[in-house]
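Trainee: structure here, sequence nowhere to be found:
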């Protein structure tokens with residue numbers, strides 16, 4: 001499951017997933033960019 005966390009007053013979002021006991025950061029994304037521009041990283 002992919003999760004998102006808005007970084008308070010800053011226009012950035014942290015996109016991450018949790019697998020077992022590890023946290024994988026998929027993107028540190030600016031909210032004004034094209035939605036899902038980072039999604040190609042899921043295939044790596």
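Mentor: That came through, no problem. It should be emphasised that the depicted structure is a prediction, and the values quoted were computed from it without experimental measurement.
Trainee: residues in contact with the residue sitting nearest the centre point of the chain?
Mentor: For the chain, the residue nearest the mean C-alpha position is residue 15 (1.3 Å; Cα atoms, centre = their mean). Applying Cβ atoms under 8 Å, 6 or more residues apart in numbering, we find residue 15 in contact with 2-4, 25-29, 38. In short, each C-beta sits where N, CA and C put it, glycine included.
Trainee: any weak-confidence spans in this protein?
Mentor: Filtered on pLDDT under 70, the chain yields the residue ranges 43-44.
Trainee: hmm, residue 16 and residue 25 touching each other?
Mentor: Yes: under the criterion of Cβ atoms under 8 Å, residue 25 makes contact with residue 16 at 4.9 Å.
Trainee: what about those two, which has more around it?
Mentor: residue 16 (15 against 10; other Cβ atoms under 10 Å).
Trainee: show me what contacts that one?
Mentor: 2-5, 23-26.
Trainee: repeat the analysis, applying 10 Å as the threshold.
Mentor: Counting by Cβ atoms under 10 Å, 6 or more residues apart in numbering, residue 16 touches 2-5, 23-28.
Trainee: residue 11: which of these is nearest?
Mentor: residue 28 (11.7 Å; Cβ to Cβ).
Trainee: please name the bridge partners of the residue nearest to the centre of the chain.
Mentor: Beta-bridge pairing for residue 15 (DSSP bridges): residue 4, residue 27.
Trainee: show me the strands in the chain, by range?
Mentor: Assigned strands in the chain, in chain order: 2-6, 12-19, 22-30 (criterion: DSSP state E).
Trainee: turn those strands into a markdown table, columns for distance to residue 42.
Mentor: Output for the strands of the chain, formatted as a markdown table (distance: least, Cβ to Cβ, whole Å):
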| stretch | distance to residue 42 |
| --- | --- |
| strand 2-6 | 8 |
| strand 12-19 | 9 |
| strand 22-30 | 7 |
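Trainee: so residue 29 is in contact with residue 35, correct?
Mentor: Yes: using Cβ atoms under 10 Å, residue 29 makes contact with residue 35 at a distance of 9.1 Å.
Trainee: so which of the contacts of residue 15 comes closest to residue 10?
Mentor: residue 28 (10.5 Å).
Trainee: nice, that's everything, thank you.
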